[in-house]
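> Predicted model follows, preceded by the sequence.
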Amino acid sequence: MDYGRFIEEQAANIRREVGSGTAINAVSGGVDSSVVTVLAHRALGKQLKTIFVDNALMREGEPRRVVKTFAGMGIPVEIIDARRQFLKALKGLTDPEEKRRAITNTFYKDVFAKAVRKARAKFLLHGTILTDIEETVAGIKRQHNILSQIGIDPEEAYGYKVLEPLQTLRKDGVREVAGVLGLPEGIARRIPFPGPALAARIVGEVTGKRLATVRAATAVVEEELADTGAFQYLAVLLNDLATGIRGGKREFAQIIVVRCIDSIDAREATVRELPWETLHRITRRITAIPGVNRCLYDLTPKPPATVEYV
Ligand code: XMP
């Protein structure tokens, strides 16, 4: 595929659709939304408004890191603090699909609709890729960013049109486009991170406290496995408590699962055989997180498992 040509065609398409109006897009710091941001900025310049939605579900230090990275490319990013809205929408929910639906609704109905109105925009640009569409349509999992493909008309439901310039690409193609667009290596090669963010890695209810636990475990895993070159690595918080011993006393504490996979496009995945030494080091660090006393390594390929737990 000629990715240079792909970029020119998509930029022309965005310009034609948006005309002299304004478009808005949300960047999460992942490769898909970052590519859309640079592509749309190239197409629209000042007619594009880019936001970062702080939904309380992001990794440690992420809002500041994203703003700084894009400022370095001359693209201003405004942070929208929606932490309370998301935590309120997720309160009490334990069913995976209900959690995903709550996140989708909060993004599209509340946060984006308000941002679009404020910017007087008519278009929202999206980083949806082919794999997101296929898995949602196949009923495997409702990806947070799929709308029209499952019968939701965003214009009718939310009051704005959605443009999806990457919808014919898979992750490997998006990385190629990122390279051609000149995105920093740190973004172009960054491991995937799901739209529902850390909520996709909490089995059971998502609370501020449980988020802090999985966020701390995620930081350990990402630091320890950064040099593996694996497709994706992550930490998951289970919904059970296990018996353990701390300070000579019995305790019931939480369980973290570590996952490290190889894949080309996330449709199938195999498990990386990590050295025992690495696994022991991760275990020591993860069980030092308050309230966690067990660390498990997940040996399940996709299929039958999916990458995320929710
Ligand atoms: P699963 O868990 O479906 O994940 O095997 C496949 C790949 O997609 C990522 N993922 C998502 N990405 N919105 C996204 O943009 C989502 O709702 C979502 N759910 C999973 C996941 O991290 C993996 O790389």
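Received, thanks.
> Pass me the low-pLDDT residue ranges in this protein, would you?
139-144 (pLDDT under 70).
> Please, where are all the strands along it?
Counting by DSSP state E, one finds strands in the chain at the ranges 23-26, 48-54, 77-81, 123-125, 161-163, 232-246, 249-262, 270-271, 292-297.
> Which strands or helices does the second one pack on?
Helices and strands in packing contact with strand 48-54 are listed as strand 23-26, helix 31-44, helix 62-71, strand 77-81; criterion 3 or more CB pairs under 8 Å, 6 or more residues apart in numbering; DSSP states H and E. To be clear about C-beta, it is placed using only N, CA and C from the backbone, and glycine gets the same treatment.
> JSON lines please, covering these and showing distance to Y160.
Listed next are those as JSON lines, based on distance: least, CB to CB, whole Å:
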{"stretch": "strand 23-26", "distance to Y160": "8"}
{"stretch": "helix 31-44", "distance to Y160": "14"}
{"stretch": "helix 62-71", "distance to Y160": "22"}
{"stretch": "strand 77-81", "distance to Y160": "16"}
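> Which residues are in contact with R259?
By CB atoms under 8 Å, 6 or more residues apart in numbering, the contact set of R259 is Q232, Y233, L234, A235, V236, V271, Y297, D298, V307.
> Spell out which parts of the stretch 151-300 of the chain neighbour the ligand.
Counting by CB under 6 Å from any ligand atom, the stretch 151-300 of the chain comes close to the ligand at P192, P194, G195, P196, A200, Q232, A266.
> nearest to the ligand, of the helices and strands packed on strand 48-54?
The ligand lies closest to helix 31-44 among these, at 6.6 Å (CB to the nearest ligand atom).
> In this structure, which helix is the longest?
Counting by DSSP state H, the longest helix found in the chain is helix 208-225.
> Touching it from outside, list them.
By CB under 8 Å, 6+ apart, helix 208-225 touches 56-57, 59-60, 87, 191, 198, 201-202, 204, 233-237, 254, 256, 258, 260, 274, 278, 281-282, 285-286, 289-292.
> ok, now stretch 161-170?
With CB under 8 Å, 6+ apart as the criterion, stretch 161-170 contacts 10, 13-14, 17-18, 23, 32, 35-36, 39-40, 122-131, 133, 147-148, 154-155, 174, 177, 265, 267.
> Those in helices, which ones?
10, 13-14, 17-18, 32, 35-36, 39-40, 130-131, 133, 154-155, 174, 177.
> For those, which ChimeraX command selects only the ones that are buried?
Buried members of these, defined by 16 or more other CB atoms under 10 Å, are picked up in ChimeraX with:
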select :10,14,17,18,32,35,36,39,40,130,131,133,154,174,177
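> thinking again about what came up before, among the contacts of helix 208-225, which ones are buried?
56-57, 59, 87, 191, 198, 201-202, 204, 233-237, 254, 256, 258, 260, 274, 278, 282, 285-286, 289, 292.
> Between the contacts of R259, which sits nearest the ligand?
Set against the ligand, the nearest of those by CB to the nearest ligand atom is V307 (3.5 Å).
> just checking, that closest one touches A269?
Yes: using CB atoms under 8 Å, V307 is in contact with A269, at 6.1 Å.
> quick revisit: with neighbour count and distance to K249 as extra columns, can I get the residues of the stretch 151-300 of the chain next to the ligand in JSON lines?
JSON lines is the format used below for those (neighbours: other CB atoms under 10 Å; distance: CB to CB, whole Å):
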{"residue": "P192", "neighbour count": "19", "distance to K249": "40"}
{"residue": "P194", "neighbour count": "23", "distance to K249": "37"}
{"residue": "G195", "neighbour count": "24", "distance to K249": "41"}
{"residue": "P196", "neighbour count": "27", "distance to K249": "36"}
{"residue": "A200", "neighbour count": "26", "distance to K249": "34"}
{"residue": "Q232", "neighbour count": "20", "distance to K249": "37"}
{"residue": "A266", "neighbour count": "22", "distance to K249": "43"}
